[in-house]
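Student: sequence? don't have it. structure:
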């Protein structure tokens, strides 16, 4: 059986998925500061070892993400937008709109009924509306990032946090802390700030159900709840939303290889 | 993993020899202007959409701060590759004086340039100091206060060509008599203004002669546009933007007419030979808006995968009303009033052009610092998708200030856009 690999080199972490053409065999997510090519190679080889596979078992490797150009051992690359759409559609075949929220960028893709990418929109250059903005908020509140969601869900409202600019928002967060605003209300305010930017993207593209939310921040239940309230969307979230883009890259590897074979056969 | 990547910008690869020769044309025009000034003749600073015949007919050599800002966006001091672009150097001077980085890049660069004190410490030896300035109310609101600001700083008189903004659904309808009367009176005031400042008197025959060159030039430019509809594309946006200077800024001169005749002949030969910008053309794109002057190489971005930028609506001529041979100021007023700024008629034209130029996708310059380009961009995106099913992608930045450009972000969008278009073409092929 042929195997395929997808690697998503994000701004903060590298995600690797190995796929057999029908299901995910294994996945890894590693936060790394290392040089992209070396780190991706190491994570990929570790995953192969865990799956008891060797490099020769993998027919094709596709790479995506901000650091895709730096990964030299891949056979091809594909954009984050296309990979997120492919991965989400594979896991949730009714997906028509995909929100992918990453550490330093958010994007929304709209698909036709038969799954062709019709349109996409990205966040502007500001970091507000991205995962790193929420992480920064967690640093100021001195809570682990995993606790941001539960903290926010326990709030009886939210503190005002600007959504215009991440830098302004930071100073407002600090000011709220100094004023003695409860941490849970500030956490809710941070999520509200990020959600405002993201719901603008959903509005701009004219979302169509089902809307699938992928990327690390999709695991944050506090953010999801505020975003759903704000945008009027009920998200479908895959079990492991962080690996969906890497899965999309593996699917691209599989599709391209099958197409190549078909061409070779004709 | 998240380290800032270096901004990578470069010039474009042009496919036409005439386009490659344009910089020489610009340099010669600048040198002529410097010689003109040294002979004690007057120099005017002005802008696009001011009628250029008005300058040549009155013996003025025109310079254009906005175009100069674009030149500065391509040049580094002493051609030192480690130096920042001249546009960035000048924009910083303006910003240090308090001009916001959110203002138009053309304005910041030009203002920084004149605040630098030495007007010759700049590309092409700079623009000679003006004796007068002429701006227009047409299209861009920034140019009114920007030119007032420059005129005050340089202590020179300023005239504003106050042209009615004709914002209604069919801008091609003939201007109303009261509009013509008003704008002709403005043109007459302009003539008196120049006479007061320079002593040069209005010569009707001279203006008529300049207008004849303009009409002839416009006709040749329209022929070129028609030729550009050919498949494969014989002349893309890299060539289109590179060749706009003579038409936009030297209209009314014989040299501009000769330039476009040569360009037309070159494009025609390519069309007859069936020769395109690239060998295997798979998809054709439109560039909406003003280009990123600091990164014209973007027009070659998709060529490796069969994509060409085939058409750009900006700076192109439109058909003029037929010359009547009557009073040239009336004729000029009527002609100018044919140029309108209505978004709805602009959208109709874009849709028509996308059909004629066989466009598969559009890249929209979402110029955050340029309201006349920024606002219609949203409607352009919406209507292309709705009416023609043409996808588009937006690139956010300034026209000349490369600090506003995020290479990683643009690249990721462009790559996704290419996959989107190729995916759609593939799907259509499978259905067929």
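Tutor: Here it is on my side, so go on. A quick note: this is a predicted structure, and the numbers were derived from the prediction, not measured. Numbers count the residues shown, from 1 in each chain, chains lettered A, B, ... in the order given.
Student: low-confidence ranges in chain B?
Tutor: Per-residue confidence for chain B (pLDDT under 70) gives these ranges: B:1-8, B:168-173, B:340-341.
Student: and it, which residues reach chain A?
Tutor: B:1-2, B:385, B:391, B:393, B:396, B:406, B:408-409, B:412-413, B:415-416, B:419-420, B:423-424, B:427 (Cβ under 8 Å from any Cβ of the partner chain). Any C-beta I mention is one placed from the backbone N, CA and C, and that applies to glycine too.
Student: filter those to the buried ones?
Tutor: Neighbour-count burial (16 or more other Cβ atoms under 10 Å in any protein chain shown) applied to these gives B:1, B:385, B:391, B:393, B:396, B:406, B:408-409, B:412-413, B:415-416, B:419-420, B:423-424.
Student: ok, these vs chain A, which is closest?
Tutor: The closest of those to chain A turns out to be residue B:416 (Cβ to the nearest Cβ; 3.5 Å).
Student: circling back: and the furthest pair within the buried ones among the residues of chain B next to chain A?
Tutor: Farthest apart among those by Cβ to Cβ are B:1 and B:385. That separation is 34.4 Å.
Student: domain boundaries for chain A, per the record?
Tutor: What automatic domain parsing lists as the domains of chain A is A:1-92+A:243-266, A:93-237.
Student: close to chain B, is the last one?
Tutor: This points to domain A:93-237. Yes: figure legend: domain A:93-237 in contact with chain B (Cβ under 8 Å from any Cβ); contacting residues A:103-105, A:114, A:116-120, A:122, A:124-125, A:132.
Student: check the offset of that domain from the chain's centre.
Tutor: On the basis of Cα atoms, centre = their mean, to the nearest Å, the separation between the geometric centre of domain A:93-237 and that of its chain is 12 Å.
Student: state the mean pLDDT of that domain.
Tutor: Mean per-residue pLDDT for domain A:93-237: 90.
Student: first-to-last residue distance for that domain?
Tutor: The distance separating the two terminal residues of domain A:93-237, taken as Cα to Cα, to the nearest Å, comes to 12 Å.
Student: okay, and which of the buried ones among the residues of chain B next to chain A map to strands?
Tutor: Filtering those for membership in strands, criterion DSSP state E, returns B:393, B:396.
Student: which residues in the stretch 51-200 of chain B form strands?
Tutor: With DSSP state E, counting those that start in this stretch as the criterion, the stretch 51-200 of chain B has strands at B:61-63, B:132-136, B:158-161.
Student: closest one of the buried ones among the residues of chain B next to chain A to residue B:304?
Tutor: After measuring these against residue B:304 - Cβ to Cβ - the closest member comes out as residue B:415, at 11.7 Å.
Student: identify the residue nearest that closest one in space, chain neighbours excluded?
Tutor: In space, and not counting its chain neighbours, residue B:415 is closest to residue A:79: 4.5 Å by Cβ to Cβ, 6 or more residues apart in numbering or on different chains.
Student: right, and residue B:317 touches residue B:221 too?
Tutor: Yes: checked against Cβ atoms under 8 Å, the pair residue B:317 and residue B:221 is within contact range at 4.5 Å.
Student: what's around the closest residue to chain A within the stretch 101-250 of chain B, how many residues?
Tutor: Nearest residue of the stretch 101-250 of chain B to chain A (Cβ to the nearest Cβ) works out as residue B:102 at 12.2 Å. Using other Cβ atoms under 10 Å in any protein chain shown, residue B:102 is surrounded by 10 other residues.
Student: what's the burial count for the closest residue in space to it that isn't next to it in sequence?
Tutor: The shortest distance from residue B:102 to any non-neighbouring residue, by Cβ to Cβ, 6+ apart, is to residue B:369 (6.2 Å). For residue B:369, the count of nearby residues is 22 (other Cβ under 10 Å).
Student: then residue B:379?
Tutor: Residue B:379: 14 surrounding residues under other Cβ under 10 Å.
Student: over to the residue nearest the centre of chain B: give its phi and psi.
Tutor: Geometric centre of chain B, nearest residue: residue B:315, 4.6 Å, by Cα atoms, centre = their mean. Backbone torsions of residue B:315, given as degrees, to the nearest 10, read phi 70, psi 0.
Student: my guess is it contacts residue B:248. True?
Tutor: Yes: with contact defined as Cβ under 8 Å, residue B:315 and residue B:248 form a contacting pair (5.6 Å).
Student: close enough to count as contact, residue B:204 and residue B:331?
Tutor: No: at 11.1 Å, residue B:204 and residue B:331 do not qualify as touching, with contact defined as Cβ under 8 Å.
Student: element containing the nearest residue to residue B:316 once chain neighbours are set aside?
Tutor: In this structure, residue B:316 finds its nearest non-sequential neighbour in residue B:225, 6.0 Å apart by Cβ to Cβ, 6+ apart. Counting by DSSP states H and E, the secondary-structure element that holds residue B:225 is helix B:204-227.
Student: now do the buried residues in that helix.
Tutor: Quick answer for helix B:204-227 (16+ other Cβ under 10 Å): B:207-215, B:217-218, B:220-225, B:227.
Student: any idea how far chain B is from residue A:218?
Tutor: From residue A:218 across to chain B, the span is 20 Å (Cβ to the nearest Cβ, to the nearest Å).
Student: that residue touches residue A:98, doesn't it?
Tutor: No: using Cβ under 8 Å as the test, residue A:218 is too far from residue A:98 to be in contact (10.7 Å).
Student: neighbour-wise, which of these two wins?
Tutor: A direct count of neighbours by other Cβ under 10 Å for residue A:218 and residue A:98 places residue A:98 higher, at 31 against 24.
Student: does the more buried one count as helix, strand or coil?
Tutor: Assigned with DSSP: H, G, I helix; E, B strand; the rest coil, residue A:98 falls in the strand class.
Student: test my guess that it contacts residue A:115.
Tutor: No: counting by Cβ under 8 Å, residue A:98 sits too far from residue A:115 to count as a contact (10.8 Å).
Student: any common contacting residues for those two?
Tutor: Common neighbours of residue A:98 and residue A:115, counting by Cβ atoms under 8 Å, 6 or more residues apart in numbering or on different chains, are A:85, A:89.
Student: what segments of the stretch 201-350 of chain B are helices?
Tutor: Assigned by DSSP state H, counting those that start in this stretch, the stretch 201-350 of chain B shows helices spanning B:204-227, B:237-242, B:245-249, B:254-272, B:328-338, B:343-356.
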